[in-house]
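Q: Sequence first, then the predicted structure:
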Amino acid sequence: QVQLVESGGGLVQAGGSLRLSCAASGRTLSTYAMGWFRQGPGEERDFVSCITWSGGSTYYADSVKGRFTISRDNARTTMYLQMNSLKPEDTAVYFCAAKLYYCGTSPLSYDYWGQGTQVTVSS
């Protein structure tokens, strides 16, 4: 079993920055791709970014490309999402998730999920 815990959310003004963290525990995640999704009130859970198990490849939704950066530590126990130039439309609950090997954009393909962390961007 894998446990994922997000942290780092909060309230920030438009144009500001936040860094989200996702700490993993349980079985080793060395062969798992890890992703970030977000969900606004009454909306579906949308793909934000993903990093492959090796850390060699990263993927981003068009809406965050150039503003957000995903990374993971060498031990592959913690994943980060650096969010810059935040916009009010980035307001959502952000979830981290893990799936074997390769990235995917559908939340249905992920095996493990964190509980989410709220990000609120004021205008």
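A: Ah, there it is. Residues are numbered from 1 along each chain as shown.
Q: For V93, see how far away the most centrally placed residue in the chain is.
A: Among the residues of the chain, W36 comes closest to the average C-alpha position under C-alpha atoms, centre = their mean, at 2.3 Å. To V93, W36 is 11 Å away according to C-beta to C-beta, to the nearest Å. Where you see a C-beta, it was placed from the backbone N, CA and C, and this is true even at glycine.
Q: S122 contacts Q13, doesn't it?
A: Yes: counting by C-beta atoms under 8 Å, S122 touches Q13, with 5.4 Å between them.
Q: what residue ranges in this structure score low on pLDDT?
A: Judged against pLDDT under 70, the chain has no low-scoring part.
Q: circling back: just to check, the residue nearest to the centre of the chain is in contact with I70?
A: Yes: using C-beta under 8 Å, W36 is in contact with I70, at 6.6 Å.
Q: shared neighbours, these two?
A: With contacts defined as C-beta atoms under 8 Å, 6 or more residues apart in numbering, the residues shared by W36 and I70 are S49, C50, M79, L81.
Q: Which one (most neighbours) among these?
A: M79 (29 neighbours; other C-beta atoms under 10 Å).
Q: so what's that one up against?
A: S21, C22, A24, M34, W36, I51, I70, S71, R72, D73, C96.
Q: What helix or strand is it located in?
A: strand 78-83 (DSSP states H and E).
Q: Can I get that strand as PDB, trimmed to CA atoms?
A: Output in PDB follows, covering the C-alpha atoms of strand 78-83 (Å, rounded to 0.1, in the frame of the first residue of the first chain):
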ATOM      1  CA  THR A  78       8.700  13.300  -2.400                       C
ATOM      2  CA  MET A  79       7.300  15.100  -5.400                       C
ATOM      3  CA  TYR A  80       6.900  18.900  -5.800                       C
ATOM      4  CA  LEU A  81       4.900  21.300  -7.900                       C
ATOM      5  CA  GLN A  82       6.300  24.800  -8.100                       C
ATOM      6  CA  MET A  83       3.500  27.100  -9.200                       C
END
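Q: how close does the closest residue to L11 other than its chain neighbours get to S106?
A: Closest residue to L11 apart from its sequence neighbours, by C-beta to C-beta, 6 or more residues apart in numbering: T120 at 4.7 Å. Distance, T120 to S106, by C-beta to C-beta: 26 Å.
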